[in-house]
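# below are the sequence and a predicted model; questions follow.
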Amino acid sequence: MDSKELILKRSEENKQLYIPNLSADPVIFGFDQNELKVLLVKMNYRKMWILPGGYIKKDEDLNDAVVRILKERAGVNAVSYLEEFAVFGKKNRSEGYFEDFDETLFQKQRFITIGYYALFNPSKIDLATDEFSESCEWIYLSQLPEIEMAMDHKEIVEKALLALREKISIKPIGFNLLPEKFTLSELQKLYEAILGKELNRGNFYRKIKNLGILRKLDEQRRGGAHKAPDLYSFDEENYNKALENGLTSW
């Protein structure tokens, strides 16, 4: 069965299973080589890149739907934190992608989509593809201008990054992106990648320590030519409190 035949077959099933005109598009950010990545899938149909989004079942809560969609479309499990950040509803935002089909196709109807973002360490996810996709990959944000994305998904990624930048001033970031043990320099590089600018090292170190979300370990990062830097981990209890209540001294 080719990709168009599969879309036609699933259209009839979708009409029975899913809420019409409503979808969810999660933006999954990762951090690697001091750069942000985003998780995308490449469709068999038209060979374009999209977010690993999908439709909401008629008997399903919205957040549960996003968790299911991520597992089905990309193999992402153990979703512990999702942030809803925007609703996208421009007319013809998605219909044009299915221009080869007639107007009865479920997927070609006008869809309002809800944008979410989540943060994951790429090394902890075993990616998988579904029946509609030829690949599922982490793509560096710096590469996005070079690839062809369907619908308005590039705009969704851009707005998710803006939302993440706003959130970083009031919520802690890093627990799901960094390894269990990290240096302050590695944490600073994460913040710089998100904010898109360099930060003063002294000011950053002082502020991040004052938040009370770090634990200094009795270990150092060995192997470099310079003095071995101290290793830190997140204080999970204080980190979760800060997620719930916000930062007080940033």
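Looks like it arrived, so ask away. Because the structure is a prediction, the values reported are computed rather than measured. Numbers count the residues shown, from 1 in each chain.
# what's in contact with stretch 56-69?
The contact list for stretch 56-69 (Cβ atoms under 8 Å, 6 or more residues apart in numbering) reads 17-19, 22-24, 26, 52-55, 79, 82, 114, 116. For every residue, glycine as well, the C-beta is placed using N, CA and C.
# among those, which are in helices?
Leu17 (DSSP state H).
# now the buried members of the contacts of stretch 56-69.
Tyr18, Ser23, Ala24, Pro26, Pro52, Gly53, Gly54, Tyr55, Val79, Leu82, Ile114, Tyr116 (16 or more other Cβ atoms under 10 Å).
# picking up where we left off before, for Glu137, state which of the contacts of stretch 56-69 is nearest.
Pro52 (10.8 Å; Cβ to Cβ).
# dihedrals phi and psi, that closest one?
Main-chain dihedrals, Pro52, degrees, to the nearest 10: phi -80, psi 70.
# going forward, the N-terminal residue is numbered 373.
OK, 373 is where the count begins now, so the last one is Pro424.
# pretty sure Ala458 contacts Tyr489?
No - contact criterion Cβ atoms under 8 Å: Ala458 and Tyr489 do not qualify, at 9.5 Å.
# of those two, which one has the most company?
The neighbour comparison of Ala458 against Tyr489 (other Cβ atoms under 10 Å) goes to Tyr489, with 24 against 17.
# ok, the more buried one - contacts?
Tyr489 neighbours (Cβ under 8 Å, 6+ apart): Pro398, Val399, Ile400, Phe401, Leu454, Glu455, Phe457, Ala532, Ala535, Leu536.
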